[in-house]
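Student: what's the 3D shape of this:
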Amino acid sequence: QHGLTVAGTFGVGLPLSAGGISSLNFFLGPSLMFGRGQRIVLTGGFTAGPVKRLAKGFQVGDSFDPNLGDIPTRTKYELGYFLGISFNIGG
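Tutor: This is a model prediction of the structure:
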């Protein structure tokens, strides 16, 4: 039996705030499992999650009159990266 195994990871991150289902983050990537008994798993890959961006042509640093209402934003999903390590503590 080999000491290295290749696997895959898929996950969903749930928000702790009241963001609801529109605030879910998704994770996808390969995993490397090292060892035979007490395994260590190294995982990395892509994550996608919602971010708020300025809308209606506004850029960071632009002046804005607060009497006009809220600053216009839009929410969109963007890609990122993640890295994780897992191990078992017990026997």
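
Student: who touches residue 79 in this structure?
Tutor: Taking C-beta atoms under 8 Å, 6 or more residues apart in numbering, we find residue 79 in contact with 46, 47, 48. C-beta here means a position set from N, CA and C on the backbone, and glycine is covered the same way.

Student: and if you look at residue 45?
Tutor: 9, 27, 28, 29, 30, 81, 82.

Student: Could you say which helix or strand holds the second one?
Tutor: Spelled out, that is residue 27. Element membership of residue 27, judged by DSSP states H and E, is strand 25-34.

Student: SS state for the most centrally placed residue in the chain?
Tutor: By C-alpha atoms, centre = their mean, the mean C-alpha position of the chain lies nearest to residue 47, the distance being 4.1 Å. Put simply, residue 47 is strand when judged by DSSP: H, G, I helix; E, B strand; the rest coil.

Student: Surely it and residue 12 touch.
Tutor: No: the pair residue 47 / residue 12 is not scored as a contact, 10.5 Å apart, by C-beta atoms under 8 Å.

Student: shared neighbours of these two, which are they?
Tutor: With C-beta under 8 Å, 6+ apart, residue 47 and residue 12 have common neighbours 25, 26, 27.
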